[in-house]
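Chemist: Sharing a model that was predicted from the sequence below.
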Amino acid sequence: MTRHPETPPAGNAAFGLGFCLDFPLPGIPRRRLHPGAATIDVRAVADAQLLERWSGPVGDPLWHTTFDDGARYVLQAGRDGDHLIEYADQAAFHLSTDGLVLSCAEPLTQPARWQRTLTDSVLWTVALLRGGVVLHASAVEGPDGAVAIAAAQGSGKSALAAQLAFEGWPLVTDDILAFERRGEQIVAHPGPNLMNLSQTPGSELAPEALGEVLATFRSGSSSEAWVLVRRFCESELPLAAVVLLKRGGDQPARIARMSATTLDVTPHTLAFRALAGAQRRRFEAVGDLVEQVPVFCIEAGVEVPPAKLAAMLRAELVNNA
Amino acid sequence: MSSHAAEQPLSPMTAVQVPAHVVFRAFAAETIMLNLQTGTYHGLNPTAGRMLETLEQHEVIAEAAAVVAGHYDEDAGSVEADLLTLCSRLIERGLLVVKPDA
């Protein structure tokens, strides 16, 4: 009797988690899931229902930040081990004590902004709360696996990933990449097939070239297109390279492979330090990553266009493979 | 700073260990230590990293010094002095503790 290998289950997935949605949400495609992956029920609820589920705060917030649009994002642990995420006064999300139910208070206004908060920030927050490890990086699918591009905020990692995606390397994630060690391999988990692309005068790549523009968000004099990307990675894949992108001055572009340690990569990771075990998990995961995955550094002046950086990176990864 | 270190100067016969709240990992370029209590990362050059690993494997500083001296073909007394200095600095940073007496 022939035994067929098990086909991994498929479901809406991002950051290594399955998401069972009871409302429409763009950007969380059906993907094959690892058999051990958890599936989170994502439910829309009224504000009052969400507050009924919240056990109340314990201690200081686990994490907080202020996004580019000026909105404050706060993660708070609850007395019963549940978690509450608040995005300014525009949205609230509650993760149950067992980490398997994400309740989303329905927004009264700005549904696109609410959806973007959920897909861009809340889902990877859930992945971290469930013990995941993430790089603050965009990524595309190269010939040998995921190519992660990490950089300081505003240094053009999304622009470089968008250029590579436009040239044919499917999008793996924009901004956050979840990864884990599995055996001798580092596995990258795709994020939503969504990108936030700055729209500046003279941009070489129109957002429409990558997919459907779902919304445009304006903040001061700048604007960002929120794009549902057509060509994206459909399953987890090996992490083939990490690229640390450093922009500044007017230096010519150059790429070099690094003898990296955790000190090089850890600044490009996110962790909730107050979460039990989070720092140890990150230390071990990043150590595994730098031992298993080649790390490159691209240094380039701010005027070097993404197309030139993309050509340089492709040449390094393809020609020297 | 460790109160034990303040009270008892290190000697070659002192036994030390990496405490539970510290993790470390050796890479080709350097060894990285992380103090989980403070969230602070520290880098050691390859020689100091080798000393740390050797300390972990031996009972007292003098034994580790002899092994390191043999590895690098150096004078044992000089290596022992270097190792005592390294231990003092790591203890100051909470990255190493003196083992309690058995």
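Modeler: Structure received.
Chemist: pull the longest strand from chain A.
Modeler: strand A:237-247 (DSSP state E).
Chemist: all helices of chain A, in order?
Modeler: Counting by DSSP state H, one finds helices in chain A at the ranges A:47-53, A:111-117, A:123-129, A:157-166, A:262-265, A:278-292, A:306-314.
Chemist: tell me the most buried of these?
Modeler: helix A:157-166 (a mean of 26; mean count of other C-beta atoms under 10 Å in any protein chain shown). Glycine gets a C-beta too; all of them are placed from N, C-alpha and C.
Chemist: State the mean pLDDT of that one.
Modeler: The average pLDDT within helix A:157-166 is 95.
Chemist: contacting residues for residue 50?
Modeler: Here I'm looking at chain A. Taking C-beta atoms under 8 Å, 6 or more residues apart in numbering or on different chains as the criterion, A:Leu50 is in contact with A:Ala92, A:Phe93, A:His94, A:Ser103, A:Cys104, A:Ala105.
Chemist: wait, I meant chain B there
Modeler: B:Arg50 neighbours (C-beta under 8 Å, 6+ apart): B:Val68, B:His71.
Chemist: Please identify which helix or strand holds it.
Modeler: Using DSSP states H and E, the element containing B:Arg50 is helix B:46-57.
Chemist: Check the gap between the closest residue to B:Lys99 other than its chain neighbours and A:Ala271 for me.
Modeler: Excluding its sequence neighbours, the residue lying closest to B:Lys99 (C-beta to C-beta, 6 or more residues apart in numbering or on different chains) is B:Ala15, at 4.0 Å. Distance of B:Ala15 to A:Ala271, computed by C-beta to C-beta, to the nearest Å: 33 Å.
Chemist: What is the burial count for the residue nearest to B:Lys99?
Modeler: 16 (other C-beta atoms under 10 Å in any protein chain shown).
Chemist: What of A:Gly11?
Modeler: Neighbour tally, A:Gly11, other C-beta under 10 Å: 18.
Chemist: so, if you compare the contacts of A:Leu50, which one comes nearest to chain B?
Modeler: A:Phe93 (26.3 Å; C-beta to the nearest C-beta).
Chemist: so the closest one bridges to which residues?
Modeler: A:Ile85, A:Cys104 (DSSP bridges).
Chemist: next SSE after the helix or strand of chain B with the lowest mean pLDDT?
Modeler: Least confident helix or strand, chain B: helix B:3-7 with a mean of 48, by mean pLDDT, DSSP states H and E. Downstream of helix B:3-7, the first helix or strand assigned by DSSP H and E is strand B:16-17.
Chemist: What mean pLDDT does that following strand get?
Modeler: If you average the pLDDT values across strand B:16-17, you get 95.
Chemist: pLDDT below threshold where in chain B?
Modeler: B:1-8, B:102 (pLDDT under 70).
Chemist: switch the cut-off to 90
Modeler: Along chain B, the model assigns pLDDT under 90 to residues B:1-9, B:28-29, B:59, B:76, B:100-102.
Chemist: ditto for the stretch 101-250 of chain A
Modeler: A:106-113, A:152-156, A:198-205, A:218-223, A:248-250.
Chemist: residues from it in reach of chain B?
Modeler: By C-beta under 8 Å from any C-beta of the partner chain, no residue of the stretch 101-250 of chain A approaches chain B.
Chemist: per-residue confidence for A:Gly11?
Modeler: 82.
Chemist: That one reaches A:Thr39, doesn't it?
Modeler: Yes: with contacts counted by C-beta atoms under 8 Å, A:Gly11 reaches A:Thr39, the gap being 6.2 Å.
Chemist: residues shared between the contacts of those two?
Modeler: Here A:Gly11 and A:Thr39 have A:Gly18, A:Phe19, A:Cys20, A:Leu33 as joint contacts, going by C-beta under 8 Å, 6+ apart.
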